[in-house]
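Asks: okay, predicted coordinates and the sequence, questions at the end:
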Amino acid sequence: MLDLITEQTLKKLGEKLNNSFASETAEEFLQTLLNLMGLMFTFHDGYRSNIKNFEGRYQFCSKDGEVTVAALFHDNRMEVVEKKIDRPDITITFRNGRTLLNFIMSPRQDILGSMLRHDVMTEGNLNYLYKFGFMAKQLQLMMPQLPR
Amino acid sequence: MTNITLHDMTLKDFTLESLPRLTELRRLSFARQPEICIERARYITEYLRHHDDPADAPEVRQARKVNYFLQRKKPVFHDRNLLAGSTTSKALGAPLFPEFFALTLWPELETVSSRAKNPQKLTPEEARELNLEIFPFWMDKNVLELTRKRIGNARCLKLFESLVFFIAAKAGCISHAVPTYASMLEHGLSGLISMAAEREAAAVAHASDEGNRQADFYRAVQISLQGIMEYAEHLAAEAERLAAAEHDPAARRELLDMAGICRRVPARPAATFREAVNAIWICQVGIHAENINMAMSPGRLDQLLYPYYKRDMEAGRLDIGGAVELIGCLWLKIADNVTMVPEASEEMFGGAGTVPAITLGGVDADGRDAVNDLTYIMLRVTELLRIRDPNVNARYDYEINSPEYCRRVSEVILSTRAVPAFFNDKANIMALTGQGESLAHARDYAVIGCVELASSGRDYPASSSIMLNLAAPLEMALFQGKRPITGEEQIGPATPDPATLQSFEQFWEVFKTQLDWLIEQAIELNEAMGAVHQQMMPSPLLSAFFTGPMDKGRDLIRGGSLYNSSGATHIAFADVVDALNAIEQTVFIDKKYGFAELLQMVKSNFAGPAGEKMRLFLQNRAPKYGTEHPIARKNARNIVRHLFDLYQSHTNYRGGPYRPAYWTMTNHAGLGGITGALPHGRKAGELFASGITPVSGAAPELTACLNAVAELGGECVPGCWALNIKYSPENDMAQMTDRFAQTIEAYFRAGGQQVQFNIMTYEMLQDAKKYPDKYPELMVRVSGYSAYFKDLNELMKEELITRTMYDLANGRAVACPAEKGGE
């Protein structure tokens, strides 16, 4: 059962994420998405089952070097750090927040197009990206205010 | 001696109205929505998690895995098809192969059932099982990731993963083969197992490393074939169970008949035509327990089944109507599966079937006319059903096969508007003998998947190993080893600025430098993936249906086949030839433009009035492939020759050469969409021409177009090609059929290897794009395979609409309506 504060935080983050869909730049998209994921892993049993025994190291970087964020999955938890990490399973380099959003969870998701246009580049094991994509999509479906 | 006893080769008395079973099965095949079947993924994961012994030889591990699945594979009867067995547990199923790209489905597990384009049903329970049980096991274990473990994030792997240089298809499958079922029909699987057991004993007696390896292989063959036999027994038991509960006497009889057949075949030799057909089908299902459902081609079924047909007809056990019905049932069974396509891949592969190719007619191993009654029966079934799979192909030897046969094939193409494709025996047999195949073996060739060639059951060509984008090395030649899409990154060798070159020959050398470098990268990755396949995905089951492995005691993936090769196909051939033509003619011969000036306009996508003026000049005045212009003919020949020489100089991990080919599936649309402007006046993002077909609008004369393509054929294109020709339909079909057949003959005599058709107008396709519901069954030829027009992505629809259409009556191209408007 989510308490009132958590529910309100979730709502707020959901709205913020929703704004990313509408915004031209969507620069805060990644941070908001990871925060929202973190909360849901903590409070939602079903959602948490996605990371049970899951070990994964994700590095997200913007092409201009402005954004360097890592998501580390370990001990059934997710940790977010703003730095370069060693031995990432996958590195995702994106042109800007908008291209990352289109890549991961836009209602008109365009993974192949993003890669063909080199809006987003990856290095490493793509299966980690597919899993992340599932978790993002599941989150999207759980948040009624987000576009489908 | 002729094998034709039919009074009417068109079999026009057999219609869908007179064949209610086929009518109903066909209706169902269009009505069904594809469903993802997780059965195979579930059982192989379960086996690997709990039962696999890594100490076993790779072939034995694979055989045990396949056997485990086949023992548990659900026997299902979805409808009143007379043949027992189904590729998946679903009526129209997409099986999952986590060894390859199944995990690409992960992001859309919860949405794949309802996505807008080509949805594939998946229950929430199955989605949950995939998310939590199956996919996590495979995170680091599919072919691509095992390759990465082997070579790291090497340059060649990065180039592949960027998607815009080449596709290394082994990450997704090898499959693409034509097994032969002759030995299975003659001896039964029990007989093949006995042979393998004897050879295993002999190999063990050698007491050597090689003997032990052979013994492992023979043991693996026995284990995997046993799996098929158990599956057939389960089918029999299920049919008996359903029969016991069935109230309709006719349906009960059918189920009991199928049960009886499954108790006999494929374990024992086939005694009747029906047993032979069902035995082939069950083995085809078995093959897909091991290898992904992509272009596993049954081959020359009119030859293989003819003795059983003849015997039954002579004994009065079979009539023509019964044979038509059984072949129809087989065609519809072959179409019972699709590939799992994630939404992201719809751009590249949307609408494709699984392309199991069937090959009809041609000559036999002794060079005699092989066309028989079954050839015509299969043509009639193809004409009646008009379904996407199987991919039916007609071989034609213009000196041996009768003109009536050529005319009948032409009639079926005009009637279906799309199938079958036509293959020239003379040119294709020459191409295969050029690869060292004996004449008898080359004459027994069959088509794999789209267009590729293989001696039936003797040739393991991994024909889709490399799909190379020829526009990539062209751009790298123009921009000193860089491509606009990859920005400032130095991709290929830093070749000289073209503006500094003094002759076209110098530019040709620069282009070859980039091309050769890229091909070396693609081959390096293919070799690494081949080594992974040897460890992870041997094919002992498939090997049992080939000549070679059973004699050598060696799996197909280790070079067990009689003939071994790897195929490399090429995208943007016509566009690259035209770009070279434009550079040679306008920059170096006419000196109309300086190279620097041309490059600047290409970079700017021919921006501004001056750019548009130049673009129109290049498009309309530079020499074009598909015409008789000597520069265009020379450049086309040079590319084909160079690619042939280069590939043939490499030996693959199975000891065979690389074979170049020219077919593109739908990649010419996707890759064209992301490629910058090119020097022949093509603007950025415009689609490439398909296969070996000239650029749309570039070849105004049909005869010149066919000759320009035909002269490239034979020895230098051992992987074959896809030539797409579109004709406007005529009112007088008899007259059109005559002209059609004459044109085929002339094209083949000039050396053309293959041609496929769409008999439809620009307007009809435009209407089908606008109102898809009006054309639910409209079948079109893409580049080597058939698809339903409504299923294709928007780019491909546009490509099909704008393909040059010819009026067969006058041999001239008809202007596209948009062009007319512009006049």
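Replies: Noted; the coordinates are in hand.

Asks: would you mind measuring from the closest residue to B:Cys720 other than its chain neighbours to chain A?
Replies: Taking Cβ to Cβ, 6 or more residues apart in numbering or on different chains as the measure, B:Cys720 lies nearest to B:Val451, with 4.4 Å between them; neighbours along the chain are not counted. Using the backbone N, CA and C atoms, a C-beta is placed for each residue, glycine as well. From B:Val451 across to chain A, the span is 25 Å (Cβ to the nearest Cβ, to the nearest Å).

Asks: isn't B:Val451 right up against B:Ala661?
Replies: Yes - in terms of Cβ atoms under 8 Å, B:Val451 counts as a neighbour of B:Ala661; the distance is 7.2 Å.

Asks: what segments of chain A are helices?
Replies: For chain A, helices defined by DSSP state H occupy the ranges A:4-22, A:29-43, A:45-48, A:97-104, A:111-116, A:126-142.

Asks: ignore what I typed, I meant the stretch 401-550 of chain B.
Replies: Secondary structure of the stretch 401-550 of chain B (DSSP state H, counting those that start in this stretch): helices at B:403-416, B:425-433, B:439-443, B:471-478, B:504-536, B:540-543, B:549-552.

Asks: closest to B:Ser162 out of the ones you listed?
Replies: Counting by Cβ to Cβ, B:Ser162 lies closest to helix B:471-478 out of these; the figure is 9.9 Å.

Asks: how far does that closest one sit from its chain's centre?
Replies: With Cα atoms, centre = their mean, to the nearest Å as the basis, helix B:471-478 stands 27 Å off its chain's centre.

Asks: ok, stretch B:256-266 next?
Replies: On the basis of Cα atoms, centre = their mean, stretch B:256-266 sits 32 Å off its chain's mean C-alpha point.

Asks: stretch B:463-483 too?
Replies: Using Cα atoms, centre = their mean, the mean C-alpha position of stretch B:463-483 is found 23 Å from that of the whole chain.

Asks: with stretch B:290-301 instead?
Replies: On the basis of Cα atoms, centre = their mean, stretch B:290-301 is displaced by 9 Å from the centre of the chain it belongs to.

Asks: ok, back up a step: okay if I get the helices of chain A as a markdown table plus mean neighbour count?
Replies: Putting the helices of chain A into a markdown table (neighbours: other Cβ atoms under 10 Å in any protein chain shown) gives the following:
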| stretch | mean neighbour count |
| --- | --- |
| helix A:4-22 | 15 |
| helix A:29-43 | 20 |
| helix A:45-48 | 12 |
| helix A:97-104 | 23 |
| helix A:111-116 | 21 |
| helix A:126-142 | 22 |
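
Asks: adding mean pLDDT and distance to chain B, write those out as a markdown table.
Replies: Written out in a markdown table, the entries for these read as follows (pLDDT from 0 to 100; distance: least, Cβ to the nearest Cβ, whole Å):
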| stretch | mean pLDDT | distance to chain B |
| --- | --- | --- |
| helix A:4-22 | 76 | 16 |
| helix A:29-43 | 91 | 14 |
| helix A:45-48 | 94 | 10 |
| helix A:97-104 | 82 | 8 |
| helix A:111-116 | 74 | 4 |
| helix A:126-142 | 92 | 3 |
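
Asks: B:Ser728: which of those is closest?
Replies: Per Cβ to Cβ, nearest to B:Ser728 of the helices of chain A: helix A:111-116, 34.2 Å.

Asks: output the contacting helices and strands for that closest one.
Replies: Applying 3 or more Cβ pairs under 8 Å, 6 or more residues apart in numbering or on different chains; DSSP states H and E, one finds that helix A:111-116 contacts helix A:97-104, strand A:120-124, helix B:346-349, helix B:667-672.

Asks: got TSV for the ones you listed, with distance to B:Pro249 too?
Replies: Converted to TSV, the helices and strands packed on helix A:111-116 look like this (distance: least, Cβ to Cβ, whole Å):
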stretch	distance to B:Pro249
helix A:97-104	58
strand A:120-124	61
helix B:346-349	45
helix B:667-672	52
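
Asks: ranges for the helices of the stretch 1-150 of chain B?
Replies: With DSSP H, counting those that start in this stretch as the criterion, the stretch 1-150 of chain B has helices spanning B:20-31, B:39-50, B:58-72, B:124-129, B:143-151.

Asks: overlap in contacts, B:Val451 and B:Ala661.
Replies: Shared between the contact lists of B:Val451 and B:Ala661 (criterion: Cβ atoms under 8 Å, 6 or more residues apart in numbering or on different chains) are residues B:719-721.

Asks: what pLDDT does the model give the closest residue to chain A within chain B?
Replies: Nearest residue of chain B to chain A (Cβ to the nearest Cβ) works out as B:Pro107 at 3.1 Å. Confidence at B:Pro107, expressed as pLDDT, is 91.

Asks: what's the closest non-adjacent residue to it?
Replies: Nearest non-adjacent residue to B:Pro107, counting by Cβ to Cβ, 6+ apart: A:Gly133, 3.1 Å away.

Asks: the one you found contacts A:Ile104, doesn't it?
Replies: Yes - distance between A:Gly133 and A:Ile104: 6.0 Å, which falls inside the contact criterion (Cβ under 8 Å).

Asks: quick check: B:Glu794 vs B:Ala116, distance?
Replies: The gap separating B:Glu794 from B:Ala116 is 12 Å, by Cβ to Cβ, to the nearest Å.

Asks: of these two, which one has the most company?
Replies: Ranked by neighbour count (other Cβ atoms under 10 Å in any protein chain shown), B:Glu794 and B:Ala116 place B:Glu794 first, with 14 against 9.

Asks: relative to B:Leu687, how far out is that one?
Replies: Look at B:Glu794 and B:Leu687: by Cβ to Cβ, they are 11 Å apart.

Asks: over to B:Glu17?
Replies: As judged by Cβ to Cβ, B:Glu17 and B:Leu687 stand 41 Å apart.

Asks: these two: who's more crowded?
Replies: B:Leu687 (24 against 7).

Asks: was I right about the more buried one contacting B:Ile674?
Replies: No - in terms of Cβ under 8 Å, B:Leu687 does not count as a neighbour of B:Ile674; the distance is 10.7 Å.

Asks: so the residue nearest to B:Thr354 when sequence neighbours are not counted, which of the three states?
Replies: With sequence-adjacent residues excluded and distances taken as Cβ to Cβ, 6+ apart, B:Thr354 is closest to B:Asn293, at 4.6 Å. Counting by DSSP: H, G, I helix; E, B strand; the rest coil, the backbone at B:Asn293 sits in coil.

Asks: ok, now which ones touch B:Asn293?
Replies: Residues counted as contacts of B:Asn293 (Cβ under 8 Å, 6+ apart) are B:87, B:95, B:175, B:337, B:339, B:354, B:356.

Asks: B:Phe135: which of the helices of the stretch 401-550 of chain B is closest?
Replies: B:Phe135 sits nearest to helix B:504-536 of all these, at 17.3 Å, using Cβ to Cβ.

Asks: and the angle for the closest one with helix B:471-478?
Replies: Interaxial angle, helix B:504-536 versus helix B:471-478 (axes from the mean of the first three to the mean of the last three Cα atoms, to 10 degrees): 140 degrees.

Asks: avg pLDDT for stretch B:254-261?
Replies: Averaging pLDDT residue by residue across stretch B:254-261 gives 98.
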